[in-house]
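1. Below: sequence and its predicted model.
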Amino acid sequence: MPGLESLLTERLRAAFAAVAGEPVDPIVRRSQRADFQANGALGLAKRLGRNPREVAAEVVAEARKGGLSELVAEVEVAGPGFLNLTLADGALGELASSLVGDERLGVEPAAPDEADVVVVDYSAPNAAKEMHVGHLRSTIIGDAVVRLLEWRGHTVIRQNHIGEWGTPFGMLIEHLLDIGEAEAAEELSVGDLNGFYQAARRKFDADEAFQERSRARVVLLQGGDPATLRLWNLLVEQSKRYFMSVYDRLDVRLTEDDFAGESMYNDQLPATAEELARLGLLREDDGAQCVFPEGFTGRDGDPLPMIVVKRDGGFGYDTTDLAALRYRTHDLKATRLLYVVGAPQSLHLQMLFAVGREAGWLAKGEGESPRAEHVAFGSVLGPDGKILRTRAGASIKLSELLDEAVTRAEAEVASRNPELPADEVAEVAHIVGIGAVKYADLSTDRNKDYVFDYGRMLSFDGNTAPYLQYAHTRIQSIFRRAEVTPESCTGPVRITEPAERELAIELLSLADVLVDVERNLEFHRLCHYLYGVATAFTSFYEHCPVLRADDEATRASRLALCALTARTLRLGLSLIGIKTPARM
RNA sequence: GCCCGCGUAGCUCAGGGGAUAGAGCAACCGCCUCCUAAGCGGUUGGCCGCAGGUUCGAAUCCUGCCGCGGGCGCCA
């Protein structure tokens, strides 16, 4: 069952076409003055050279013939030619009732011919280094992408492109040898990745002999020397264990199987370079073998290269990314490739995709497959509006940031609800604290930077996770009091009060929102929608008694609305990786 | 220098060509014999960065400025 907006659009499309003699978008939107409005008559009248109000009236007459009245109680031609649509209470009740029995809340899975094989590249921390807020955004947004697309029925392949093959590993391995394996393992196992990295870095900067050893070690590593690989593996395995502990806390779907780091492409790099050469895309420039994708110029107006083979004969990240792109389309058979990567890498990814198209790994035409998208995101800022850092200027450890959020949530939960037993407080605090961090990240336009503020994200007012979670717990509380299970609340839904109308309209709009977000991956639109559901519910909650409803039929209807609201909130939040406690 | 992103209420943010630009916070005024007041209702608060243009209609699209952030060859 489509959402209300799609439903109205479908009903009106035929009427508009009849008047126009050609397909016309009715342009249906939510309205301040009615439930919905259709704006299509204005543009159509212009094209026909006719009076817009007359055209609008004709559309209404056609629509009535087509049975619009079953759904819409009142249609008014307003202003210069808007159609104001007020839905019929009876139809709203019926639609809501049918949603009650629908496992998927009106959101159908993607049709088989529209189902993609989606490769999602996200999280991507660097081995032997601490995760920071940049990885937080990629991890959280990527997780939401994965959850939504899987739920919509696409095949989703997660790729955690960790950095474990770069030049710093020579230095890290030499440092490991210096302090001894046992010592290193211990240091890394407690999660002090930064300490280890910085110690190595300091030696590298200060000691020329160490630099020499490090460079030699990189050559050994990338040449496949077994002893070096064993040490490298030690570092990487410790890092992976640490990353997994963070993922578990964050409750994201990344697993050990999803690690697909740079090293994985090592033996595909020569073949990738050869293929580009065979395609005639490679050109020597300043000693390096480069591809110059069409339309990119640099500082001095010269064409910008992707460097496929470096002057020294080695491969850099351009080649690794090209090999990964090739692998994902050739071997993983991806039809949609998503790169959940910060906005600063926009140019790099545009060039990568351009080369991908020139090489024939990606489709050339707009909307054809395989296609790649940069799911870009802005930076996390501190209260000063600058990139979030500690007072000392260091980047903030992700694990400490999560600790702080959970600690603050715990204090709130414990003081607000003293009756909760201690173990439940801890559990709820985790759900609320982590949920608040995720929601704060996802609820604003991801392209923009956002200001990180514990107080605001943990507030129970406004567009926050705790507000949505609280709305959900209030519903659960009603079911506990009523001593019924939500599943038994099947209605039927009957709409009489304005607050019931508002809530029903929100609940019947989920499909429109999810279909939209599936395409643009702008999760703040889903958040905004869920906030609308929650505010409509709390208003309903204040104005429409459920347990003390006037009669049994009203009570049954309102219980069904409660059950639907709870399911909608739970589903919506689960699709962005946020849990809903039963009490808080 | 060129390219990308962003400028909306005091603050944090929504507004995908439509009517009188919306939330939350902050400030002020109300509401618990009542399903969790972690809530609800209301008031105050806007040259939508500036200037042109396209359009019946622009916060939204285009151009140029201004401001902020970021990127621009062998690091990832």
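-> Thanks, I have the structure now.
2. What residue in chain A comes nearest to RNA strand B?
-> A:G462 (2.2 Å; Cβ to the nearest atom of the strand). (Glycine included, C-beta is placed from N, CA and C.)
3. Can you report phi and psi for that residue?
-> Phi and psi for A:G462, reported as degrees, to the nearest 10, are phi 80, psi -170.
4. so what's it up against?
-> A:R456 (Cβ atoms under 8 Å, 6 or more residues apart in numbering).
5. so what's it scoring on pLDDT?
-> Here the pLDDT value assigned to A:G462 is 92.
6. Can you give me the neighbour number for A:T535?
-> Using other Cβ atoms under 10 Å, A:T535 has 18 neighbouring residues.
7. That one sits in which helix or strand?
-> Assigned by DSSP states H and E, A:T535 belongs to helix A:523-543.
8. does RNA strand B sit close to that helix?
-> Yes - applying Cβ under 7 Å from any atom of the strand, one finds helix A:523-543 touching RNA strand B at A:524-525, A:528, A:531, A:535, A:538-539, A:541-543.
9. how near is the residue of chain A closest to RNA strand B to A:E404?
-> Note on A:G462: its distance to A:E404, by Cβ to Cβ, to the nearest Å, is 20 Å.
10. give me every residue that touches A:L269.
-> Going by Cβ under 8 Å, 6+ apart, A:L269 touches A:315, A:319-320, A:323.
11. again, but for A:F523
-> A:F523 neighbours (Cβ under 8 Å, 6+ apart): A:141, A:144, A:148, A:442-443, A:446, A:517, A:576.
12. ok, 6 Å please
-> A:F523 makes contact with A:144, A:442, A:576, according to Cβ atoms under 6 Å, 6 or more residues apart in numbering.
13. Quick check: A:T272 vs A:A440, distance?
-> Distance of A:T272 to A:A440, computed by Cβ to Cβ: 39 Å.
14. That should have said A:S214, apologies.
-> In terms of Cβ to Cβ, A:S214 sits 40 Å off from A:A440.
15. cool, A:W165 as well?
-> As for A:W165, its distance to A:A440 is 33 Å (criterion: Cβ to Cβ).
16. any idea which of the contacts of A:F523 has the most stuff around it?
-> A:A144 (27 neighbours).
17. Isn't that residue up against A:I576?
-> Yes - judged on Cβ atoms under 6 Å, A:A144 makes contact with A:I576 at a distance of 4.4 Å.
18. Show me where the stretch 301-450 of chain A has its helices.
-> A:317-330, A:346-358, A:398-416, A:422-442 (DSSP state H, counting those that start in this stretch).
19. who touches stretch A:445-461?
-> Contacts of stretch A:445-461 (Cβ under 6 Å, 6+ apart): A:376-381, A:388, A:408-409, A:436, A:440, A:444, A:466-467, A:470, A:524.
20. again, but for stretch A:568-584
-> A:143-144, A:147-148, A:151, A:428, A:431, A:435, A:438, A:442, A:465, A:468-469, A:472-473, A:476, A:507, A:510, A:523, A:530, A:533.
21. Show me which residues of that stretch are buried.
-> A:568-573, A:575-581, A:584 (16 or more other Cβ atoms under 10 Å).
22. In a markdown table, list those residues along with pLDDT.
-> A markdown table is the format used below for the buried residues of stretch A:568-584 (pLDDT from 0 to 100):
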| residue | pLDDT |
| --- | --- |
| A:T568 | 98 |
| A:L569 | 97 |
| A:R570 | 97 |
| A:L571 | 98 |
| A:G572 | 98 |
| A:L573 | 98 |
| A:L575 | 98 |
| A:I576 | 98 |
| A:G577 | 97 |
| A:I578 | 98 |
| A:K579 | 97 |
| A:T580 | 96 |
| A:P581 | 95 |
| A:M584 | 90 |
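23. The residues of helix A:523-543 next to RNA strand B into TSV, with extra columns for pLDDT?
-> Compiled in TSV, those are given as follows (pLDDT from 0 to 100):
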residue	pLDDT
A:H524	97
A:R525	97
A:H528	97
A:Y531	97
A:T535	96
A:T538	95
A:S539	94
A:Y541	95
A:E542	92
A:H543	92
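24. and the helix-or-strand element of chain A with minimal mean pLDDT, how far out from the chain's middle?
-> Here the helix or strand of chain A ranked lowest by mean pLDDT, DSSP states H and E is helix A:181-189, holding a mean of 81. Taking Cα atoms, centre = their mean, to the nearest Å, one finds helix A:181-189 lying 35 Å from the centre of the chain it belongs to.
25. same deal with stretch A:80-100?
-> Distance, centroid of stretch A:80-100 to centroid of chain: 30 Å (Cα atoms, centre = their mean).
26. cool, and stretch A:296-308?
-> Per Cα atoms, centre = their mean, the displacement of stretch A:296-308 from the mean C-alpha position of its chain is 32 Å.
27. residues near A:R147, how many?
-> 17.
28. next one: A:T329
-> A:T329 has 24 neighbouring residues, counting by other Cβ under 10 Å.
29. from memory it sits against A:R371, does it?
-> No - distance between A:T329 and A:R371: 10.0 Å, which falls outside the contact criterion (Cβ under 6 Å).
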